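Engineer: Give me a 3D structure for the following:
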Amino acid sequence: MQNTVKSPIRFTGKGLHFGETVRMTIHPASADYGIWFRRTDIALGDTMVAARWDVAEQTPLCTRIRNEAGVSVSTIEHVMAALAGTGVHNALIEVDGPEVPILDGSSAEFVHAILTTGLMKQRAKVRVIEILKDVSVTRGDATATLAPASEMQIDFHIDFEDEAIGVQDKSLVMANGSFVRELCDSRTFCRKSDVDHMHANGLALGGTLENAVVVDGDAILSPGGLRHDDEAVRHKMLDALGDLALAGAPILGRYSGIRAGHALTNALLREVFATPGAFRVREVDEKTAARLPGAGVHIEEFPAVA
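Structural biologist: Below you'll find the predicted structure:
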């Protein structure tokens, strides 16, 4: 059965890119509604933006969606990952600014609030996108692939010059609450030199040592250090789950990312939907539904966030 949140969930925090305080509310929605965003700060015109792969712009630093009227919402990947990872299929997300609040740079606050509020089951069957053959996209030294699998799995490889990150690999089957336990508290990360450059150019104005893991060579500059030794690759997997959620339904398949980012994952979804015979949409039985991300998750699985 599909799920929505039991009652509205409110968040307030600074946006990462513009640094302004943003208020956001996740509202319950009817069965088969999907995930939609609404800009409450815009009075006229079409303020609704679908959380869908074909309206996503291929930007390197975040995931931004835009409707035909030019209304956009940025940095949606962390809340999208939280919804997918807790099994929320339908929601209306109202936000009074151009981006989702960054909070601590992970999905943890979204996940905790959703699990605390609880879900409402809906009398509608869950449909999935089943990958039927390998589809891959490559740009430079980065590759993203979706391959057939009986459940959702994410494999990721990163390779950074900074010793504080270095080479990291991780693979997870996204069932039985693994997103909540293993990934949801992993924060976005960046190099100090990149932060300095962005700030000098009026970018990432809301970025601080409190909402990102900032590294400088072999040093971790953020207070408290890392939440996981491999927090960087875990966050890339978190991002991938959020970006894949723009497919519009849970994916049955194995996602493999090698140095991949938001733009490449979106390009992969576009390639899948453009490739004849690459996928099918079908309803799932109870056994398969029980293995989808978020199925059966409860608050006791939420990690003790540093």
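Engineer: domain parsing for this protein?
Structural biologist: 2-122, 127-301 (automatic domain parsing).
Engineer: any chance of those domains in JSON lines, with mean pLDDT too?
Structural biologist: As requested, the domains of the chain are exported to JSON lines (pLDDT from 0 to 100):
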{"stretch": "domain 2-122", "mean pLDDT": "95"}
{"stretch": "domain 127-301", "mean pLDDT": "91"}
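Engineer: okay if I get these as a markdown table plus mean neighbour count?
Structural biologist: C-betas here are computed from N, CA, C, even on glycine. Below are the domains of the chain laid out as a markdown table (neighbours: other C-beta atoms under 10 Å):
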| stretch | mean neighbour count |
| --- | --- |
| domain 2-122 | 19 |
| domain 127-301 | 18 |
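Engineer: and V137, bridged to which residues?
Structural biologist: A144 (DSSP bridges).
Engineer: Revised request: answer the last question for K14.
Structural biologist: Residues in beta-bridge contact with K14 (DSSP bridges): T21.
Engineer: Quick check, it in contact with R23.
Structural biologist: No. In this structure, K14 is not within contact of R23 by C-beta atoms under 8 Å, at 11.1 Å.
Engineer: any shared contact partners between the two?
Structural biologist: Contact criterion C-beta atoms under 8 Å, 6 or more residues apart in numbering; residues bridging K14 and R23 by contacting each: P101.
Engineer: Run through the helices of the stretch 151-300 of the chain in chain order.
Structural biologist: For the stretch 151-300 of the chain, the helices defined by DSSP state H, counting those that start in this stretch occupy 178, 192-200, 231-244, 262-274, 286-289.
Engineer: can you put those in CSV and add distance to I131?
Structural biologist: Output for the helices of the stretch 151-300 of the chain, formatted as CSV (distance: least, C-beta to C-beta, whole Å):
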stretch, distance to I131
helix 178, 19
helix 192-200, 34
helix 231-244, 11
helix 262-274, 7
helix 286-289, 14
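Engineer: For S171, which of these is the nearest?
Structural biologist: Closest to S171 of those, according to C-beta to C-beta: helix 231-244, at 9.0 Å.
Engineer: Dump the closest one to PDB, restricted to CA.
Structural biologist: C-alpha atoms of helix 231-244 as PDB (Å, rounded to 0.1, in the frame of the first residue of the first chain):
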ATOM      1  CA  GLU A 231      30.800   9.700   5.500                       C
ATOM      2  CA  ALA A 232      31.600  11.100   2.100                       C
ATOM      3  CA  VAL A 233      30.700   8.100   0.000                       C
ATOM      4  CA  ARG A 234      27.600   7.500   2.200                       C
ATOM      5  CA  HIS A 235      26.400  11.000   1.400                       C
ATOM      6  CA  LYS A 236      26.900  10.400  -2.300                       C
ATOM      7  CA  MET A 237      24.700   7.400  -1.900                       C
ATOM      8  CA  LEU A 238      22.100   9.500  -0.100                       C
ATOM      9  CA  ASP A 239      22.200  12.000  -2.900                       C
ATOM     10  CA  ALA A 240      21.800   9.200  -5.500                       C
ATOM     11  CA  LEU A 241      18.700   7.800  -3.700                       C
ATOM     12  CA  GLY A 242      17.100  11.300  -3.600                       C
ATOM     13  CA  ASP A 243      17.900  11.900  -7.300                       C
ATOM     14  CA  LEU A 244      16.600   8.500  -8.300                       C
END
